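A.B. asks: Below are the sequence and a predicted model; questions follow.
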Amino acid sequence: MSFMVVNLSEQYTLLSDWISEIRDEEVQKDRMRFRRNLERIGEVAAYEISKTLPFVEKEVQTPLGTANCKALKEQPVITTILRAGLPLHQGLLNFFDKADNGFISAYRKHQRDGSFEISLDYVSCPELEGRVVIVSDPMLATGASLVKTIQYLREEGHPSEIHVVVAIACTVGIEFVLRSEPQCKIWCGAIDDELTAKGYIVPGLGDAGDLAYGNKVQM
Ligand SMILES: O=P(O)(O)OC[C@H]1O[C@H](OP(=O)(O)OP(=O)(O)O)[C@H](O)[C@@H]1O
Ligand SMILES: O=c1cc[nH]c(=O)[nH]1
Ligand SMILES: [Mg+2]
């Protein structure tokens, strides 16, 4: 896999434990734990991404003297894809707590024959020109939702860097995103090899949006 892809569960860390919980159909019955685990994955991803961002030196006055400190040079814009992206987004925001935020509704609009297309209906974003943008979505399956979203953000906003944070990615989806958007960097909680004909990741975890928020009716 290219250096533009980071698999955060390659090492033995707590994150791997949270990934195993979000996959586990028994643990999934606890929706609050499912959302909180996605949030924790977002927190770890934020910390890892922060290592790649520019920092400035600054002097901070303490009650006892002056400390030489490092501070994030610029705040990123964190954006997420509704609705399943919300817990991951909250995790990123817990750590990038001064970030600006964007919300995008890119979802699978299903047809009667089982096929689907990506519908991008609603975008609420701050100015993105020259800024670091982090896009989160727990599932990178075919990659169609992310590609549509990134294309929109890049063409409308001209960000300087784009980072993608996902909990579980599928190999073909990663390849599709990097073919369409070769400049972005993808941070994954885990990577699976298989995709069903209906575009579900195997073993994956099922439908992240439903597991976090309950079933929805198809419109
Ligand atoms: O890589 P892709 O093939 O585009 O699939 C991934 C998308 O599918 C899911 O959203 P879904 O349409 O289930 O919407 P939801 O968040 O409302 O559940 C998921 O959260 C991604 O946005
Ligand atoms: O496996 C998948 C694929 C898309 N969306 C999900 O929630 N899960
Ligand atoms: Mg869903």
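C.D. replies: Nice, thanks for sending it over. Numbers count the residues shown, from 1 in each chain. Ligands and ions are numbered 1, 2, ... in the order given.
A.B. asks: near ligand 3, which residues of this structure?
C.D. replies: Neighbours of ligand 3 within the chain, by Cβ under 5 Å from the ion: Asp207, Gly209. Heads up, the C-betas are built off the backbone N, CA and C, glycines and all.
A.B. asks: Show me the strands in the chain, by range?
C.D. replies: Assigned by DSSP state E, the strands in the chain fall at 5-7, 55-62, 65-72, 77-81, 100-110, 116-124, 132-136, 139-140, 161-170, 185-192, 194-195, 201-202.
A.B. asks: Distance to Gly42 and mean pLDDT added to those, as TSV?
C.D. replies: Shown next, in TSV, are these (distance: least, Cβ to Cβ, whole Å; pLDDT from 0 to 100):
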stretch	distance to Gly42	mean pLDDT
strand 5-7	14	97
strand 55-62	21	98
strand 65-72	17	98
strand 77-81	9	98
strand 100-110	13	89
strand 116-124	19	87
strand 132-136	6	98
strand 139-140	14	98
strand 161-170	7	98
strand 185-192	9	98
strand 194-195	23	96
strand 201-202	18	98
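A.B. asks: Quick check: residues of this protein near ligand 1?
C.D. replies: 81, 83-84, 107-108, 137-145, 173, 199, 207-209 (Cβ under 6 Å from any ligand atom).
A.B. asks: among those, which ones are buried?
C.D. replies: Buried members of those, counted by 16 or more other Cβ atoms under 10 Å: 81, 83-84, 107-108, 137-145, 173, 199, 208-209.
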